[in-house]
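Enquirer: Below are the sequence and a predicted model for it; my questions follow.
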Amino acid sequence: MSKKLIALAAAAALALTGLVATPASATSITGVVIDAEASVSASHSSNTSADVPASAMTSRTLDYSASNSTSRNVVRYVVTTASATTVSVTSAGGVKVIKDLADADGVAYKIDTTVASTGVSGSTTASNLTFTFYAFTTSTTAGSVVISTPSSSLTFYVKGLAGAAYNLGSVKFPTSIVQGETEADSTAVISYNLTDVFGNAITTGTAPALTALGATASTSTTYSTTRKVWEAVVYNATASSVAMALNLTATDLSTNGFAKPVKTAFSSVSAASLATQVTTLTAQVAALTATVSALTTDYNALATKYNKLVKKSKRVAKK
């Protein structure tokens, strides 16, 4: 799913500084309206208007609705100038700009359209001192939009919101599970990443369903901000072999031009009881102890023979 877009020009919020140059001129920008919500004066050094949609769209079609902010996936800018002049717009950081949302026949453009670019231009006239364009992005990293006339310039920022989880990735299953372990003591960790349809990381929300046959699956899955992965555990194996599966609920958007979602991952591992492991390790220790004892006896026998053949100063100590 794609991103709802946020037009952000607040330097504090994005740790970015707005570029504002507004020399007195008849061709300077007198205001910018973002999504018909608030007028931003060209004299502001830190523009604060922002569009914060509540959710992401489910198709790739560019759309805009001034009356319904939750369905919007593009940001509209309406630039007003003091008098008739040229207006140029450039974008960076993954942001694309476009002058219209539909072609001459009224067919809505798609997000992957080649009509969108990193620059558009136009002009205002004496009878219409406004110039309108749209911006969109598929990234959760802020990109910039710079609006310029011959005598002034304003910078705004556009940042996408991550959509719903679409892909499971970097899945790591445990290589063994111990019988009798509790959830708190379990070291059988399952870790993975979640991304939206555009590859943006998902760090909150509902995790994929985890099931385990022959063991108990953790009922809680958390995102580790340290390791940057989702994590859950499997514990208390009751069989010699345990099967584990992750299942993500995601709407298939392949008919809209996306790849099919990666929704499942599976693995099976061997399980052993603590008692069995202790018995096995005890036997291994006993065998190693017997080996060491035999080697020590052999060494001492050789040392006795050697010491009889050499001077006292050359003799070796026994073990």
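Expert: Yep, it's here. Numbering: from 1, shown residues only.
Enquirer: where does the stretch 51-200 of the chain dip in pLDDT?
Expert: The stretch 51-200 of the chain contains residues with pLDDT under 70 at 51-72, 111-114.
Enquirer: Could you list the buried residues of stretch 162-169?
Expert: 162-168 (16 or more other CB atoms under 10 Å). C-beta: built from backbone N, CA, C; applies to glycine.
Enquirer: Also stretch 168-188?
Expert: So stretch 168-188, judged by 16+ other CB under 10 Å, has buried residues 168, 171, 173-174, 177-179, 181, 186, 188.
Enquirer: Same list (those residues) but as JSON lines, adding secondary structure and distance to A142.
Expert: Output for the buried residues of stretch 168-188, formatted as JSON lines (DSSP: H, G, I helix; E, B strand; the rest coil; distance: CB to CB, whole Å):
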{"residue": "L168", "secondary structure": "strand", "distance to A142": "27"}
{"residue": "V171", "secondary structure": "strand", "distance to A142": "30"}
{"residue": "F173", "secondary structure": "coil", "distance to A142": "36"}
{"residue": "P174", "secondary structure": "coil", "distance to A142": "38"}
{"residue": "I177", "secondary structure": "strand", "distance to A142": "43"}
{"residue": "V178", "secondary structure": "strand", "distance to A142": "46"}
{"residue": "Q179", "secondary structure": "strand", "distance to A142": "50"}
{"residue": "E181", "secondary structure": "coil", "distance to A142": "45"}
{"residue": "S186", "secondary structure": "coil", "distance to A142": "40"}
{"residue": "A188", "secondary structure": "coil", "distance to A142": "39"}
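Enquirer: Make a markdown table out of these and add distance to A82.
Expert: A markdown table is the format used below for the buried residues of stretch 168-188 (distance: CB to CB, whole Å):
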| residue | distance to A82 |
| --- | --- |
| L168 | 54 |
| V171 | 58 |
| F173 | 64 |
| P174 | 67 |
| I177 | 72 |
| V178 | 75 |
| Q179 | 78 |
| E181 | 73 |
| S186 | 68 |
| A188 | 68 |
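Enquirer: Check those residues and tell me the two furthest apart.
Expert: L168 and Q179 (27.8 Å; CB to CB).
Enquirer: what's A126 sitting at in phi/psi?
Expert: Phi and psi for A126, reported as degrees, to the nearest 10, are phi -60, psi -30.
Enquirer: thought it was touching S83?
Expert: Yes. Taking contacts as CB atoms under 8 Å, A126 lies within contact range of S83: 7.2 Å.
Enquirer: Between these two, point out the one with more neighbours.
Expert: S83 (14 against 7; other CB atoms under 10 Å).
Enquirer: Could you measure from the more buried one over to I29?
Expert: As defined by CB to CB, to the nearest Å, S83 lies at a distance of 11 Å from I29.
Enquirer: tell me which residues form a beta bridge with V229?
Expert: S224 (DSSP bridges).
Enquirer: wait, it sits on Y223?
Expert: Yes. The criterion here is CB under 8 Å, and V229 meets it with Y223 at 7.4 Å.
Enquirer: what about these two, which has more around it?
Expert: The neighbour comparison of V229 against Y223 (other CB under 10 Å) goes to V229, with 20 against 17.
Enquirer: Who are the contact partners of the more buried one?
Expert: 170, 191-193, 223 (CB atoms under 8 Å, 6 or more residues apart in numbering).
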